[in-house]
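Visitor: fold the following, please.
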Amino acid sequence: MEPVVSVWSEDRFELGEGLRWVGGDLLMVDILRGRLLRLAPGDPGPAHELAALDVPLGAVAPVRHRAGALVAAAGTGIALLTGTGGGSAAVEWLGRPEDGAATPMRMNDGCCDPHGRFWAGSMAYDGTPGAGSLYRADPAGGVTRVLDGYTVPNGPAFTPDGSVMYLADSAEGRIDAYALDAEGLPGERTVLARVGEGSPDGMQVDAEGHLWVAVWGGGRVHRYAPDGTLDRVVEVPAAQPTSVCVVGDDEPVLMVTSATVGLTDPGAGDGAVFALPVEVPAAPAHHFG
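Guide: Predicted structure coming up:
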């Protein structure tokens, strides 16, 4: 019998995304409003706002040896955030590579790999095909464009050893896989899977190396085996699931965010955060540095 998907938070988010398990907290963002939020993994309830930026906030990751500091995909680039205890955070830009682009751009999803590098994708506000790129911020400094030609890059997600990166192009309904070398350079692209109805959005790899994927527009979450086989489908009572995160070691729970943006008549569950017991844990968010 399939475990019941429950509503974790009564909040309804315009574009809730970027779930990350950081320390004892579950962090997420409301992208278009630039809001950084915290949920308690063991205590269902409303989200607590940690910071509000004046630019879109796509995703964050913790910074090694700097308590409370986060690296973020925000606005037109990648930044360090401090003072995220509530209110306005201090922003230190590592790079804003999408400033002055031919079409207005914003950063979207992002995360750190097991080697401490932060990866984040960009997309055009108007969805211009192929305008998006994937960037890598290195702890030693510098923000590098690694891949281009994506329309709506989501993820990335990494295998536990960091040797393979998964990256979705939501507009194309496709999940790609890249082998990474020691310097973080991707090899040739292979297609792990194509999503039928809906678009692949936020992703996470669990301890068995399987890839959880939120399916925007499909009202469900997929779990793929490393060979691309569809291992599991979970129905979610929201039209637009956006990100996934497994929290907990002994009794792991899959958390799922969703969004109301673009819906003319949102349903009761649209924009909510959901929880579902699962069997396999996943590592907490990797640190930058």
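Visitor: tell me the secondary structure at residue 32.
Guide: helix (DSSP: H, G, I helix; E, B strand; the rest coil).
Visitor: go ahead and confirm it touches residue 15.
Guide: Yes - using CB atoms under 8 Å, residue 32 is in contact with residue 15, at 5.1 Å. Any C-beta I mention is one placed from the backbone N, CA and C, and that applies to glycine too.
Visitor: the more surrounded of these two?
Guide: The neighbour count for residue 32 versus residue 15, taken as other CB atoms under 10 Å, is higher for residue 15 (22 against 16).
Visitor: can you tell me how far residue 273 is from residue 228?
Guide: Computed as CB to CB, to the nearest Å, the residue 273 to residue 228 distance reads 28 Å.
Visitor: which one of those two has more residues nearby?
Guide: Higher neighbour count among residue 273 and residue 228: residue 273, with 28 against 15, using other CB under 10 Å.
Visitor: test my guess that that one contacts residue 8.
Guide: Yes - shown here, residue 273 and residue 8 form a contact pair, counting by CB under 8 Å, at 4.5 Å.
Visitor: how near is residue 3 to residue 270?
Guide: 21 Å.
Visitor: where's the closest residue to residue 208 other than its chain neighbours relative to residue 34, distance?
Guide: Excluding the flanking residues, the one nearest residue 208 by CB to CB, 6 or more residues apart in numbering is residue 280, at 5.1 Å. To residue 34, residue 280 is 33 Å away according to CB to CB.
Visitor: give me the residues contacting the strand of greatest length in the chain.
Guide: Counting residues, the longest strand found in the chain (DSSP state E) is strand 43-52. The contact list for strand 43-52 (CB atoms under 8 Å, 6 or more residues apart in numbering) reads 6-11, 27-28, 33-39, 81, 83-89, 273, 275.
Visitor: hang on, the earlier thing: list residues touching both of residue 273 and residue 8?
Guide: 39, 255.
Visitor: please, which helix or strand holds the residue nearest to residue 208?
Guide: Residue 280 is part of no helix or strand, with elements assigned from DSSP states H and E.
Visitor: residues contacting it?
Guide: 206, 207, 208, 210, 246, 252.
Visitor: now these: which count as buried?
Guide: Buried by 16 or more other CB atoms under 10 Å: 206, 210, 246, 252, out of those.
Visitor: I'd assumed residue 247 was in contact with the first one.
Guide: No - Residue 206 sits out of contact with residue 247 when judged by CB under 8 Å, with a separation of 11.3 Å.
Visitor: ok so, going back, quick one: pLDDT of the residue nearest to residue 208?
Guide: At residue 280, the pLDDT value in this model is 97.
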